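>>> Next come a sequence and a model predicted from it.
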Amino acid sequence: MGILNVTPDSFSDGGRHAVPDDALRHAEQMLAEGAAIIDVGGESTRPGAEPVAVQQELDRVVPVVEALVREFDALVSVDTSTPEVIQATALAGAGMINDVRNLRREGALSAAVASGLPVCLMHMLGEPGDMQDAPHYNRPVEEAVADFLAQRVTACEAAGLRRERMLLDPGFGFAKTVAHNLRLLKQLDRLTVLGLPLLVGMSRKSMIGKVLGRPVEERLPGGLALSALAVERGARILRVHDVGPHVDAVNMTWAVLEEDSPHD
Ligand SMILES: Nc1nc2[nH]c(S[C@@H](C(=O)O)c3ccccc3)nc2c(=O)[nH]1
């Protein structure tokens, strides 16, 4: 899953129905490098960011989804928590909803159910603005995350979302310390018991920066190690910036995991 950030300053004419060519070129590059999914999102998850106005998010995201579906026939995932954006992008041909707030916004869950699209349910406590204020769990974090996700699956199922339309994501970096993130990856296989595909997003995140002391532009080697470990422990979708290198890391990991010739 290649990350496509569509921020207001990437538009030439203030964002009114313009599709930034650099967004399309970036998506084309990621698809050429082997991305199966393009994740289109505004900056709604940046900690402390002021909430984006609905119309502004629509103007920013819908034209890009339309262009990606038209130009590349790619599976387009939409990174949004806004019901109107879920509805509009589903109509525009989006193939998946990626809401880091777990459809908790008023109307989001019903919009997701009505869209019939697959939904990624991700663990996060609180909101991006305050989630990193000394996150604390009074039990092993992987148990807290597994229980949270199991509860979200049940709640979404009760609202009409079919289980085979759900993906799970432990939410690396959301309301977690570095130790929480490392332990969550070490125990990632425990989430596979829920029987749903796992999506993970660790690319360029501070968990890499804090362990290796690397700035965000030098975190690819650390990220590749995490991708290999995540696949080995059951992840099936990796949300990344540098698609090509992660495709190689995943293919290398699969070559090892699938090797089963007992002898030459
Ligand atoms: N499903 C899924 N969606 C995601 N969206 C993101 S935004 C994140 C980033 O660093 O990319 C981020 C976090 C905080 C501020 C800015 C950007 N992370 C994930 C993830 O881990 N899983």
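Ah, there it is. Numbers count the residues shown, from 1 in each chain.
>>> For the stretch 151-264 of the chain, what lies in contact range of the ligand?
Contact residues (CB under 6 Å from any ligand atom) of the stretch 151-264 of the chain with the ligand: Asp169, Gly171, Phe172, Gly173, Leu199, Gly201, Lys205, Arg239. Every residue, glycine included, has its C-beta placed from N, CA and C.
>>> What about the last one, how many residues nearby?
The burial metric for Arg239, expressed as a neighbour count using other CB atoms under 10 Å, is 22.
>>> ChimeraX command for the buried members of the residues of the stretch 151-264 of the chain next to the ligand?
Typed into ChimeraX, the line below selects the buried ones among these, using 16 or more other CB atoms under 10 Å:
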select :169,171,172,173,199,201,205,239
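>>> Name the nearest residue to Met124, sequence neighbours excluded.
Distances taken as CB to CB, 6 or more residues apart in numbering put Phe174 closest to Met124, at 3.8 Å, once the chain neighbours are dropped.
>>> What residues does the one you found make contact with?
Val100, Met122, His123, Met124, Leu125, Pro128, Met131 (CB atoms under 8 Å, 6 or more residues apart in numbering).
>>> tell me which of the residues of the stretch 151-264 of the chain next to the ligand is nearest to Leu117?
Set against Leu117, the nearest of those by CB to CB is Leu199 (14.2 Å).
>>> pLDDT on the stretch of helix or strand that closest one belongs to, on average?
Under the criterion of DSSP states H and E, Leu199 resides in strand 198-200. In this model, strand 198-200 has an average pLDDT of 98.
>>> immediately after that strand, which helix or strand?
Note on strand 198-200: by DSSP H and E, the next helix or strand toward the C-terminus is helix 206-212.
>>> can you pull out the strands in the stretch 101-250 of the chain?
Assigned by DSSP state E, counting those that start in this stretch, the strands in the stretch 101-250 of the chain fall at 119-122, 166-169, 198-200, 235-238.
>>> Can you add distance to Ala155 and give those back as CSV?
What follows is those, written out as CSV (distance: least, CB to CB, whole Å):
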stretch, distance to Ala155
strand 119-122, 9
strand 166-169, 11
strand 198-200, 19
strand 235-238, 22
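>>> Low-confidence ranges, the protein, go.
Applying pLDDT under 70 to the chain picks out residues 8-18, 43-50.
>>> 90 - rerun?
The model of the chain has pLDDT under 90 over residues 5-22, 42-53, 73-74, 102, 125-136, 261-264.
>>> so which residue of it comes closest to the ligand?
Gly201 (2.4 Å; CB to the nearest ligand atom).
>>> Which residue comes closest to that residue once chain neighbours are left out?
Gly201 sits nearest to Arg239 (CB to CB, 6+ apart), 3.7 Å away.
>>> how near is the one you found to Phe172?
Here the distance between Arg239 and Phe172 works out to 9 Å (CB to CB, to the nearest Å).
>>> joint contacts of those two?
Taking CB under 8 Å, 6+ apart as the contact rule, Arg239 and Phe172 both touch Val200, Gly201.
>>> List phi and psi for Ile86.
Per-residue torsions, Ile86: phi -60, psi -50 (degrees, to the nearest 10).
>>> What residues does it make contact with?
So Ile86 contacts Val78, Thr80, Ile97, Asp99, Ala108, Ala111, Ala112, Ser115, Leu117 (CB under 8 Å, 6+ apart).
>>> Same list (those residues) but as CSV, adding neighbour count and distance to Ala225.
Below are the contacts of Ile86 laid out as CSV (neighbours: other CB atoms under 10 Å; distance: CB to CB, whole Å):
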residue, neighbour count, distance to Ala225
Val78, 28, 29
Thr80, 29, 30
Ile97, 26, 29
Asp99, 26, 28
Ala108, 23, 34
Ala111, 23, 37
Ala112, 24, 34
Ser115, 22, 36
Leu117, 19, 32
